[in-house]
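Asker: sequence below, structure please.
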Amino acid sequence: MPNVSRLVQRIHFEDFGGAEFERLVFAYHVRAGWTEIAWYGQAGGDHGRDIFGSQLLDDGTRCRAVIQCVNRSSLTQNKAEHNMQRMLSSPSKIDALKFVTRGAVSATRRDAIQTFAKANGIKNLSIVRPYVRLCR
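Answerer: This next block holds a predicted model:
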């Protein structure tokens, strides 16, 4: 039996434009089983809602979430607060907010963003970095 070789490469998100990064995040969530998903960011005027969708939870309830894509080397406090304020002024009622960011986010920054979110009624907040492997 021949040996199978794998090549694992880092994806250079910094080479992606904003729309390409959003498209990748959107495609991931579609494949992850999110439903009622809409890519608001592709047409502009998104009010801080790049992607809006829902996910079926283990208990059978639906979690409606906004996904904010941040294809920058860092997620600043001003950027996070600005996006949250815009999202809160939109007509969407949500259960959670998720930032998907290219850059690393320190514990101090995460805590400050979480504090701002809770003070503004956002109870469920996550900040994640995509980790994508390409295998052949």
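Asker: and the longest strand that the chain contains, what does it pack against?
Answerer: Counting residues, the longest strand found in the chain (DSSP state E) is strand 62-70. Helices and strands touching strand 62-70, by 3 or more Cβ pairs under 8 Å, 6 or more residues apart in numbering; DSSP states H and E, are helix 18-31, strand 51-56, helix 77-88, strand 96-101. C-beta coordinates here come from the backbone N, C-alpha and C atoms, glycine included.
Asker: surely Q114 touches L125?
Answerer: Yes - because the distance of 5.7 Å satisfies Cβ atoms under 8 Å, Q114 is recorded as touching L125.
Asker: skip the chain neighbours and tell me the closest residue to K79.
Answerer: Nearest residue to K79, sequence neighbours excluded (Cβ to Cβ, 6 or more residues apart in numbering): V70, at 6.6 Å.
Asker: run a quick neighbour tally on the one you found.
Answerer: Each residue near V70 was counted by other Cβ atoms under 10 Å, and the total is 23.
Asker: again with V25
Answerer: The number of residues packed around V25, counting by other Cβ under 10 Å, is 23.
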